[in-house]
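**Q** the following comprises the amino acid sequence and a computationally predicted model.
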Amino acid sequence: MNTDHFTSVAKQYVQSRPTYPPELFAWLAQTCTGHDLAWDVGAGNGQASVALAAHFAKVFATDLSEAQIAQAAPHERIEYRVAPADRSGLPDASADLVTVAQALHWFDFDPFYAEVRRVLKPGGLFAAWTYGVLHVEGQAVEERVSHFYHDVVGAYWPAERRHVENAYADLPFPFDAVQSPAFAIRLSWTLDDLLGYCRSWSATARCQAATGADPVAALDTELAAVWGERTRRREVVWPISVRAGFR
């Protein structure tokens, strides 16, 4: 990972980012031939790391952001470390699984993939996934959230965001691919939950830094007019795209 886009929103990130479905981690564990060690790269605050710990004896979780690692939940089977993606510090052929949750698009692919091949055991599994643009229940709400994403903060997304939007289809993938089931994140959120998530975006932070104004404040006003009671819960869905393959 060359650039840290999330230190400025680390606390909001841990409070507001959606968690991944348990079925994803069960599938990863079923697909792996061993369950001794999983390396979670770009682990952030450890959302995927904690879920992996239910299936692996040890999880090694790394992230470039010291602020993100500082927000991670302690776990007896997880070792957190601040480290770049291409220099894990792990021994050769030590990991049964290497995962990247919502972060592969930030990496320098050649040195990172070389590190993955070094660290994975022969026949070990590499899996990276990304969740796309959210969909919110209710046409009027969906339209306003889409406008915010594309038109209000759209110019402030880093260029790498395009890989998320096209489901990682164009990223290099030097592994023996395996097809995954279809997964999605489905949550029931209040208006304040949704606004907190929008505040966790790197584009939102960059927009606020550039303009001096909080763009979510205007979104709050727009959504309040069509949401109903602020405590009303609406379904929010993110499709998950998985790229997985064996070493």
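**A** Nice, thanks for sending it over.
**Q** geometric centre of this protein: which residue is closest?
**A** The chain has residue 102 as the residue nearest its centroid, 2.9 Å off, counting by Cα atoms, centre = their mean.
**Q** for it, grab phi and psi.
**A** Main-chain dihedrals, residue 102, degrees, to the nearest 10: phi 60, psi 40.
**Q** and it, what's its pLDDT?
**A** For residue 102, the model assigns a pLDDT of 93.
**Q** tell me the SS of the closest residue to it other than its chain neighbours?
**A** Of all residues not flanking residue 102 in the chain, residue 130 sits nearest, at 5.4 Å (Cβ to Cβ, 6 or more residues apart in numbering). Just so you know, the C-beta spots here come from the backbone N, C-alpha and C atoms, and that holds for glycine as well. On the three-state scheme (DSSP: H, G, I helix; E, B strand; the rest coil), residue 130 is labelled strand.
**Q** quick one: the closest residue to residue 246 other than its chain neighbours and residue 144, what's the gap?
**A** With sequence-adjacent residues excluded and distances taken as Cβ to Cβ, 6+ apart, residue 246 is closest to residue 176, at 4.6 Å. According to Cβ to Cβ, to the nearest Å, residue 176 and residue 144 sit 43 Å apart.
**Q** looking at those two, which is more packed in?
**A** residue 144 (19 against 12; other Cβ atoms under 10 Å).
**Q** mind checking how far that one is from residue 23?
**A** 31 Å.
**Q** go on, residue 58?
**A** From residue 58 to residue 23 the distance is 22 Å (Cβ to Cβ).
**Q** mean confidence score for the lengthiest helix in the chain?
**A** Taking DSSP state H as the criterion, the chain has its longest helix at helix 215-227. For helix 215-227, mean pLDDT rounds to 98.
**Q** check stretch 57-72 too.
**A** The pLDDT scores in stretch 57-72 average 95.
**Q** buried ones in that stretch?
**A** Residues 58-65, 67-69, 71-72 are the ones in stretch 57-72 that count as buried (16 or more other Cβ atoms under 10 Å).
**Q** just stretch 157-166 next, same as before
**A** 157, 161, 163-164.
**Q** now it, how far from the chain's geometric center?
**A** 13 Å (Cα atoms, centre = their mean, to the nearest Å).
**Q** hang on, residue 127 in a helix?
**A** No: per three-state DSSP, residue 127 lies outside any helix segment and is strand.
**Q** who's it bridged to?
**A** residue 99, residue 244 (DSSP bridges).
**Q** so, low pLDDT: which residues of the protein?
**A** 1-17 (pLDDT under 70).
**Q** so which residues of it form strands?
**A** Using DSSP state E, the strands of the chain run over 37-41, 58-63, 78-82, 95-101, 120-131, 135-136, 176-178, 183-189, 234-246.
**Q** want to throw these into a markdown table with distance to residue 114?
**A** Converted to a markdown table, those look like this (distance: least, Cβ to Cβ, whole Å):
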| stretch | distance to residue 114 |
| --- | --- |
| strand 37-41 | 13 |
| strand 58-63 | 16 |
| strand 78-82 | 19 |
| strand 95-101 | 12 |
| strand 120-131 | 11 |
| strand 135-136 | 37 |
| strand 176-178 | 17 |
| strand 183-189 | 28 |
| strand 234-246 | 15 |
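**Q** nothing else from me, thank you.
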